[in-house]
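Chemist: no sequence on this one, just coordinates:
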C-alpha cells in the first residue's frame, strides 16, 4: 500500500512514519511506499522497508496537492496545519492553510473519480471546544471554538463528514488531546509548560511553571497519538456511522498531579527543578481550554490512551530518553 | 440607516422588506435606504418611505459583493442560499453559493476597515442537526448535519462566530424552524407538505399528505421569521456572548395536531380536502429531521414564536388571505 502523510515533517508525522518503518505493514497490508509532504523536507527514518519520498509543497495553493493525489495513495493522513498561535496572529494565513488547504485536499480526492475512495485520517483538536464547558465534555457537546485555529479545525471536521457521506472518501477525524510529553526544546506555545515541567527536569534542566497547581488539562503521549492514527487508518469505519469526528481518549490531570507523578517516577530532586513563575497572561489563556472529557465513543471504537500521568511520563522516558533521566 | 438584504427576492426577504416599508424605522432609527440583492431582481414593496434599490448579482463570484459592502450598510441581512435539495443535487453549486458566498461576504466586510463594524444577521437552519437526536434538542447539542446544505450552514455559523470574535462585524446567526404556512404554490421540497396541507385546503384545493399523522416537526410562521430578523438586527448583542448562533423558538406539532388545529380553525369540510397518499421516500427523508427543541437561550434573549399550531394557521389567514378562507 501507498501512504501519503501531509504535514509529515512535524513531530507527530515523523513519529508516525517511524512507526510505519518499524512495522513494515499497516493493518496486515505490506507498505510499498510512504510519501511525506510538508513545507520543509521531511527526513527519512533510519531504515525503511519501503520507498520513502519527501515532497516539499504547499497545500494552501490551489492545485498544490493534485499531483500527490493523482498517485492514488491508499491512505492519506492529514496532519498539515499551522498552529493555534500563528493562526490567531495571521488571520489570512490561518484560513489559507487550515481551511483552504484541507478543502483543496478533499476536493482533489473527490475529483480523481474512477472508484478512488481512500481512507482519510484528519487530525482535529480539542480546540474545537470553547468555554464554558461541562466538567467532563461529552461526545455530543457542541463545538463553539474561541480561536480561529479551532474554527478551522471544526470546519475541517464538517467537510470531512460531508465528503465521507457523499462517498468521495472514507474519513475519520480524530481530536487529539494535548500531546505530552512533547519531545524537543521548550517552545513559546501557551501549552508548552505542560511538557516543559516534565521534560526539562528529567534532562537536568530547570523548567518554568507559569500557572497554578490546580489547572487541569487533557493529555496523551506521542506514542498514543501515533496509536490513534494507526487505529483510525485501519479500523472498520462501518462501526462509526455518519458522525466521523471523534474526541480521542486521554488522561485528565491537574498540574499538581503531573508534579506528584513526576515525584513518584523520578524523585524529589527532579521535581525541585520546576520553578514557579506565575504568568497571568498564560493563566488567562489556559482558563478557556477544555479540562476533561467523557470520550465514550472513541473508547468503544477501540482507541486507547494512557490511564495515568505516571504512565505518560514513563512512555517519555522509554521512547525519548532510552529509559534514563538525570537524577 | 442603510440596510442590505442579500437574497432579498426570496419569500422571507420580501416579507422582511415589506415589514421595513411598513415600519419606516428599525430599532428606533429611521431607514434611509434598503438594498435588496439577489440573483433575480427583487420587487419593490408597494410604498416605501426609503430609497429602494434592487441589485442583481452573484455572491458566489469572488468580489461579487464588494461593491455593495463598499457602501458600508449599517445592517446586513444574509438570506442568500440555495436550498437543501439543490445543494444535494449539485455539490459544487451548493458549496460555491452557500459556503464561498458567505465567506466572500464576511471577507468583504472585514476588508473595509476604518472602524466599519456592521450588524450581520445570518439565517442558518435546523438542518445543521442530523439524526439521531434527543427528543428535544438542547442548545448545546452538537451539529452533525446529514446534508451538504446543513454542512454549509454549520460552517457559516462557525465563520460568523469567529469573524465576530475577531471584531470584523457584529454577527447573529439564527436557525430558522421550518417556515409554515409558506405562502405561494405547492412545491416539490420534501418539507412542502407541512404547509400544503394547511394552505391548499384553505384555498378550496386538495392537498396531498405523504407521511404518517405521527410525524413531528418544528414550525414558525413567516411573521415570526420576520420578527426573528428584526430582533436579531436590533438586540443588544452584549447579552449573547461569543456563542452567536441561536436555535430560534418554534412550535413542535405532529401532523395529527396540525390537522386537528385546522379542524378547529376552519372546520371539517376544509380538513376533508387533505388526501392521504403515503410516499415512503418522503417518509424516509423526514425521519432524519429534527422534531423538537428546547430553545432556552433564544427565548431568554427575547425571540418569540407562536405558542400553538392554531395560532400559526390564524397568522396565515390574517397575513395571506385577508382573514378569509374557502369554507
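Modeler: Cool, got the structure. Predicted, not measured: the structure shown is a model, and the values here were computed from it.
Chemist: get me the contact residues on chain A for chain B.
Modeler: A:91, A:130, A:139-146, A:148, A:151, A:154-155, A:158-159, A:161-162, A:165-166, A:242-243 (C-beta under 8 Å from any C-beta of the partner chain). From N, CA and C alone the C-beta is placed, and that goes for glycine too.
Chemist: any of those residues buried? List them.
Modeler: Those of those that meet the buried threshold are A:91, A:130, A:139-146, A:148, A:151, A:154-155, A:158-159, A:161-162, A:165, A:243, by 16 or more other C-beta atoms under 10 Å in any protein chain shown.
Chemist: please flag which of these sit within helices.
Modeler: Counting by DSSP state H, those place A:91, A:148, A:151, A:154-155, A:158-159, A:161-162, A:165 in helices.
Chemist: could you report the pLDDT at the nearest residue to residue A:40 once chain neighbours are set aside?
Modeler: Spatially, and ignoring its direct neighbours in sequence, residue A:40 is nearest to residue A:9 (5.2 Å; C-beta to C-beta, 6 or more residues apart in numbering or on different chains). Listed pLDDT for residue A:9 reads 96.
Chemist: stretch A:199-219: end-to-end distance?
Modeler: Using C-alpha to C-alpha, to the nearest Å, the end-to-end distance of stretch A:199-219 comes out at 14 Å.
Chemist: mind listing what's buried along that stretch?
Modeler: A:199-202, A:207-211, A:215-219.
Chemist: specify which member of those residues is nearest to residue A:175.
Modeler: Within the buried residues of stretch A:199-219, the smallest distance to residue A:175 is 9.8 Å, found for residue A:218 (C-beta to C-beta).
Chemist: wasn't that closest one part of a helix?
Modeler: No: applying DSSP: H, G, I helix; E, B strand; the rest coil, one finds residue A:218 to be strand, outside a helix.
Chemist: what's the burial count for the residue nearest to residue A:40?
Modeler: By the measure other C-beta atoms under 10 Å in any protein chain shown, the count of residues near residue A:9 is 20.
Chemist: now swap in residue A:56 and tell me
Modeler: 12.
Chemist: which parts of chain A are helices?
Modeler: Going by DSSP H, chain A shows helices at A:11-23, A:66-70, A:84-89, A:91-94, A:101-112, A:148-165, A:192-202, A:222-234, A:255-266, A:268-271, A:280-287, A:296-300, A:309-321.
Chemist: buried deepest among those, which one?
Modeler: helix A:148-165 (a mean of 26; mean count of other C-beta atoms under 10 Å in any protein chain shown).
Chemist: what mean pLDDT does that one get?
Modeler: 98.
Chemist: residue A:31 - nearest residue in space that isn't next to it in sequence?
Modeler: Counting by C-beta to C-beta, 6+ apart, the residue nearest residue A:31 is residue A:50, at 4.6 Å.
Chemist: got it, and residue A:207?
Modeler: With C-beta to C-beta, 6+ apart, the residue lying closest to residue A:207 is residue A:200, at 3.7 Å.
Chemist: hang on, that neighbour packs against residue A:194?
Modeler: No: Residue A:200 is beyond contact range of residue A:194, at 11.9 Å (criterion: C-beta atoms under 8 Å).
Chemist: for the stretch 201-327 of chain A, which residue gets nearest to chain B?
Modeler: Chain B sits closest to residue A:243 of the stretch 201-327 of chain A, with a gap of 5.0 Å, by C-beta to the nearest C-beta.
Chemist: so that residue touches residue B:144, yeah?
Modeler: Yes: assessed by C-beta under 8 Å, residue A:243 is found in contact with residue B:144 at 5.0 Å.
Chemist: what is in contact with these two at once?
Modeler: A:161, B:130 (C-beta atoms under 8 Å, 6 or more residues apart in numbering or on different chains).
Chemist: tell me the backbone dihedrals of the residue nearest to residue A:40, please.
Modeler: phi -90, psi -10 (degrees, to the nearest 10).
Chemist: list the contacts of the nearest residue to residue A:224 once chain neighbours are set aside.
Modeler: Closest residue in space to residue A:224, ignoring its immediate chain neighbours: residue A:305 at 4.5 Å, by C-beta to C-beta, 6+ apart. Counting by C-beta under 8 Å, 6+ apart, residue A:305 touches A:177, A:220-221, A:224, A:227-228, A:248-251.
Chemist: mind running it again at 6 Å?
Modeler: Neighbour list for residue A:305: A:220, A:224, A:249-250 [criterion: C-beta atoms under 6 Å, 6 or more residues apart in numbering or on different chains].
Chemist: same question for residue A:210.
Modeler: Per C-beta under 6 Å, 6+ apart, neighbours of residue A:210: A:193, A:277, A:279, A:282.
Chemist: which of those sits closest to residue A:311?
Modeler: For the contacts of residue A:210, the nearest to residue A:311 is residue A:193 (20.1 Å; C-beta to C-beta).
Chemist: spit out the contact partners of the closest one.
Modeler: A:209-210.
Chemist: and it, how far from residue A:285?
Modeler: 11 Å (C-beta to C-beta, to the nearest Å).
Chemist: which stretches of chain A have low pLDDT?
Modeler: Judged against pLDDT under 70, chain A has no low-scoring part.
Chemist: residue closest to the middle of it?
Modeler: residue A:176 (4.6 Å; C-alpha atoms, centre = their mean).
Chemist: returning to that earlier point: of the contacts of residue A:305 - the most surrounded one?
Modeler: Of the contacts of residue A:305, with other C-beta under 10 Å as the count, residue A:250 tops at 30 neighbours.
Chemist: now do the phi/psi pair for it.
Modeler: phi -160, psi -170.
Chemist: please name the residues that touch the closest residue to it other than its chain neighbours.
Modeler: Nearest residue to residue A:250, sequence neighbours excluded (C-beta to C-beta, 6+ apart): residue A:177, at 3.4 Å. Residue A:177 makes contact with A:218-220, A:250, according to C-beta under 6 Å, 6+ apart.
Chemist: got it, and residue A:199?
Modeler: residue A:181.
Chemist: relative to residue A:216, how far out is it?
Modeler: Residue A:199 sits 20 Å away from residue A:216, taking C-beta to C-beta as the criterion.
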